[in-house]
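Peer 1: Take a look and give me a structure for this.
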Amino acid sequence: MRQAGIDDFLIIEKGGGLGGTWYWNRYPGVQCDIDSYIYLPLLEETGYMPTEKYAYGPEILEHCNRIAATFSLQERAVLSTEVTGLEWDPSRSSWLVRT
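Peer 2: Numbering: from 1, shown residues only. Next comes the predicted model:
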C-alpha cells in the first residue's frame, strides 16, 4: 500500500500480537505443510532464508514480526481489537469499521 502511495490505513488484529494463525497456534510441533520458500512472503525484501523446508510455527511467527518491523507496520497496528462490523459509506468513499 505504501508503494502505491497509500499511508492512511490501520491493521486491526484480534490477537495481542501480529502473526495471524501463527500467533494463535503455538502448540508443540506446529509446522507448515507447504514449502517455506513458497509459503513465507517477502523473503528477498526482508533478507531472510528459512531454516527448514517446512518451517515450524515459531519461525513463521518470527518472520511475520520481521515483516512488520521491516515495513514499520507496528505503528499502524491496533492489537487486541476485534472487528464487529463493516459498512461502506458511499458519500465518503470509505469504510466504517466497528470494533
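Peer 1: List the buried residues for stretch 58-72?
Peer 2: E59, I60, L61, H63, C64, N65, R66, I67, A68 (16 or more other CB atoms under 10 Å). C-betas here are computed from N, CA, C, even on glycine.
Peer 1: The fifth one and V78, how far apart?
Peer 2: Counting by CB to CB, to the nearest Å, the separation of C64 from V78 is 16 Å.
Peer 1: that older thread, okay, and which of the buried residues of stretch 58-72 map to helices?
Peer 2: Using DSSP state H, E59, I60, L61, H63, C64, N65, R66, I67, A68 are the members of the buried residues of stretch 58-72 that sit in helices.
Peer 1: so what's the second one up against?
Peer 2: When the contact criterion is CB atoms under 8 Å, 6 or more residues apart in numbering, the partners of I60 are G19, W22, C32, Y39, L40.
Peer 1: Can you tell me which residue is spatially central in this protein?
Peer 2: G19 (5.0 Å; CA atoms, centre = their mean).
Peer 1: tell me the SS of that residue?
Peer 2: coil (DSSP: H, G, I helix; E, B strand; the rest coil).
Peer 1: Spell out the residue ranges of the strands in this protein.
Peer 2: With strands called from DSSP state E, the chain shows them at 11-12, 77-78, 85-89, 94-98.
Peer 1: Please identify the deepest-packed of those.
Peer 2: strand 11-12 (a mean of 14; mean count of other CB atoms under 10 Å).
Peer 1: if I look at V78, how far off is W95?
Peer 2: The gap separating V78 from W95 is 15 Å, by CB to CB.
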